[in-house]
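Novice: coords please:
(chains A and B)
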Amino acid sequence: DQQVKQNSPSLSVQEGRISILNCDYTNSMFDYFLWYKKYPAEGPTFLISISSIKDKNEDGRFTVFLNKSAKHLSLHIVPSQPGDSAVYFCAASGFGNEKLTFGTGTRLTIIP
Amino acid sequence: DAGITQSPRYKITETGRQVTLMCHQTWSHSYMFWYRQDLGHGLRLIYYSAAADITDKGEVPDGYVVSRSKTENFPLTLESATRSQTSVYFCASRTGRSTDTQYFGPGTRLTVL
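Specialist: As a prediction, this is how the structure comes out:
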């Protein structure tokens, strides 16, 4: 049972435009959400996070939005740059939970 | 070097052989994790450890064994490798706080023939 779902395996966006990556979750006990970015032949690296007490968190070009009622989060990248081409994983955990549950990933390709 | 390292980076083995993947971190993080990455499945947790001599199963533990005698090391052993264990394996670590960043190693690509 996939508790964290990324329904788009891939996404292509023109350089300079907005990239929107989506993630849905089913476990209502999740209260902390993260996005990781992964380049080929490297380990995932942390990008941005949000706790359930907020509905938005911003860090430079990256913004994460959380809609708790819809159990949905999204990552916005504005403007998109070629270096943003990577696989993006969303992840979630519950309060006091030791473990992260990851989604299946979305491969983002930025077209120059 | 500081950080989290994995060895080997690439490994080819045969069905039925025992394989050990190594993970070493220099931050003295209390938590360490092993994941496997497969197409269509994302990152799935195999085993994790909250401290030395404390380990627990993740989502897909069958066929794997872990140990953690020292805080900095968390080896993963495939006791009798199967083709379904062909995957990319990532080790990760973090501090004791669940909201602290989890840092990943560079991965080990394992092929079981």
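
Novice: now check stretch B:98-105, is it near chain A?
Specialist: Yes. Contact of stretch B:98-105 with chain A (CB under 8 Å from any CB of the partner chain) involves B:98, B:99, B:101, B:102, B:103, B:104, B:105. In short, each C-beta sits where N, CA and C put it, glycine included.

Novice: Which of those residues lies at the shortest distance from chain A?
Specialist: Taking CB to the nearest CB as the measure, chain A lies nearest residue B:104 of the residues of stretch B:98-105 next to chain A, at 3.3 Å.

Novice: surely that closest one meets residue B:5?
Specialist: No. In this structure, residue B:104 is not within contact of residue B:5 by CB atoms under 8 Å, at 11.1 Å.

Novice: In terms of neighbours, single out the busier of those two.
Specialist: residue B:104 (23 against 15; other CB atoms under 10 Å in any protein chain shown).

Novice: I'd like to know which of the residues of stretch B:98-105 next to chain A are buried.
Specialist: For the residues of stretch B:98-105 next to chain A, a burial check counting by 16 or more other CB atoms under 10 Å in any protein chain shown picks out B:98, B:102, B:103, B:104, B:105.

Novice: which non-adjacent residue is nearest the second one?
Specialist: Going back to what we said before, that points to residue B:102. Setting aside the residues directly before and after it, residue B:102 is nearest to residue B:94 in space (CB to CB, 6 or more residues apart in numbering or on different chains), at 4.3 Å.

Novice: Thanks again, I'm all set now.
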